[in-house]
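fold the following, please.
(chains A and B)
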Amino acid sequence: MAIFLEIFSKGSDLLSNISAVSISLLAIFCAIMIIVSRHPVHSILYLVGVFFCISAHYILLNAQFLAVINIIVYAGAIMVLFLFVVMLMNLNKSLNKRHYLLLRRGPAIVLSVVFSLVLLGLFYSKVNTVSKYQEVLSSGNIGLTQSISAILFNEYALPFELTALLFLTAVMAGVILARKSKQINNSQ
Amino acid sequence: MTLQYYIYLSFILFSIGVLGVLVRRNVIIIFMCIELMLNAVNLLLVAFSKVHHLEYQLFNPNTWIGAEAQVFVLFIMVVAAAEVVVGLSIIVMLFRNTHSVDVNTLNRLKH
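Alright, predicted model coming up:
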């Protein structure tokens, strides 16, 4: 509750703060429902909801280009790929089974210790408190296509070209892995 | 809205993703939780880029400092797209061989 009071007292624009808080709550709700929902298709649709909420946050943070790319790439392409895979597999038989593992002990303990250390660090960090409590939602022009492309095609031109190679490798791997191999079927 | 708020939001989303990876048995949902974690990190990068930009905007209003982090977010999205292609094709191949998406039956990586 204290964090919300702090947000509202320090925020300059009340409307953007209200929208940011409500979008965050919606994102957390959708993220929890990904884990909770029993059917994989419902999980995929909730994940699309999370992606839309995160795109809304990008718009609030003046990252308009990334917001559009996030919707096109994640919600448009990747999630449709997930949806096709789930629909191609006939998962109705496995719906009756138990859905949850018991939490694996070793990784759970290690991760909870690490995460609580991170959280303690967030609470008690004294470093650079000016930027820690700086108002983030304000005007800016770094997220436009002009500024991102100016950096992407000058300083990061080589990684951008290597991206094409990565995609080519991924396409080849996808084709080779997903085709029906007769040798594997014969050997079984 | 402060930077601290976005750190907590990304932390919560990342933790939910980790919890999903630890708890669920369906390998597709585990994969989706990995995507959720990537998105939490992307959101944090964008928030940090905005703060970094605002510190320099005081001196030069037309500066583009801070947009590098958004380029990195773009690269993370590219790598995630390639990862999804390979991972989903592996899942399809495993499902074709074992007729199951349960991680308990996939832990041997053969048959």
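
helix/strand/coil for A:N141?
On the three-state scheme (DSSP: H, G, I helix; E, B strand; the rest coil), A:N141 is labelled coil.

give me the neighbour count for it.
Neighbour count for A:N141, taken as other C-beta atoms under 10 Å in any protein chain shown: 16. C-beta: built from backbone N, CA, C; applies to glycine.

quick one: A:S19 and chain B, what's the gap?
10 Å (C-beta to the nearest C-beta, to the nearest Å).

pLDDT score assigned to the residue sitting furthest away from the middle of chain B?
Distance from the C-alpha centroid of chain B, by C-alpha atoms, centre = their mean, peaks at B:F59 (33.6 Å). B:F59 carries a pLDDT value of 80.

in a strand, it, correct?
No: read with three-state DSSP, B:F59 is coil and lies in no strand.

so which residue is dead centre in chain B?
B:L38 (0.8 Å).

ok, residues contacting the lowest-mean-pLDDT helix or strand in chain B?
Within chain B, no helix or strand scores below helix B:103-106, which has a mean of 74 by mean pLDDT, DSSP states H and E. The contact list for helix B:103-106 (C-beta atoms under 8 Å, 6 or more residues apart in numbering or on different chains) reads A:L101, B:R25, B:N26, B:V27, B:I30, B:L94, B:T98, B:S100.

neighbours of the fifth one, just the number please.
B:I30: 19 surrounding residues under other C-beta under 10 Å.

for the fourth one, same thing?
Neighbourhood size, B:V27 [other C-beta under 10 Å]: 19.

residues contacting it?
Contacts of B:V27 by C-beta under 8 Å, 6+ apart are B:I91, B:L94, B:V101, B:D102, B:V103, B:L106.

need the buried ones from those residues selected in ChimeraX.
Typed into ChimeraX, the line below selects the buried ones among those, using 16 or more other C-beta atoms under 10 Å in any protein chain shown:
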select /B:91,94,101,102,106
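
ok, and the closest non-adjacent residue to B:G20?
Using C-beta to C-beta, 6 or more residues apart in numbering or on different chains and skipping the chain neighbours, the partner closest in space to B:G20 is B:C33 (3.4 Å).

am I right that the one you found is in a helix?
Yes: B:C33 forms part of a helix when assessed by three-state DSSP.

that one contacts B:L22, doesn't it?
No: using C-beta atoms under 8 Å, B:C33 makes no contact with B:L22, being 9.1 Å away.

compare those two and say which is more crowded by neighbours.
Just comparing B:C33 and B:L22: by other C-beta under 10 Å the higher neighbour count belongs to B:C33, 25 against 19.

and the more buried one, how far from A:L111?
13 Å (C-beta to C-beta, to the nearest Å).

so what sits against both of those two?
Residues touching both B:C33 and A:L111 (C-beta under 8 Å, 6+ apart) are B:V18.

low-confidence ranges in chain B?
Applying pLDDT under 70 to chain B flags the ranges B:107-111.

let's see 50
Along chain B, no part satisfies pLDDT under 50.

centroid residue for chain A?
Closest-to-mean residue, chain A, C-alpha atoms, centre = their mean: A:F51 / 6.2 Å.

secondary structure element holding that one?
Using DSSP states H and E, A:F51 sits within helix A:40-60.

what are the buried residues along that helix?
A:40, A:43-60.

repeat that for stretch B:48-61.
Buried residues in stretch B:48-61, defined by neighbour count with 16+ other C-beta under 10 Å: B:F48, B:S49, B:K50, B:V51, B:H52, B:H53, B:L54, B:Q57.

now do that stretch: everything it contacts.
Stretch B:48-61 has contacts (C-beta under 8 Å, 6+ apart) with A:61-63, A:131, A:134, A:136, A:138, A:140, A:142, B:3, B:63, B:65-70.

cool, stretch A:152-171 as well?
Contacts with stretch A:152-171, where a contact means C-beta under 8 Å, 6+ apart, come from B:E68, B:V71, B:L74, B:F75, B:V78, B:V79, B:A81, B:A82, B:E83, B:V85, B:V86.
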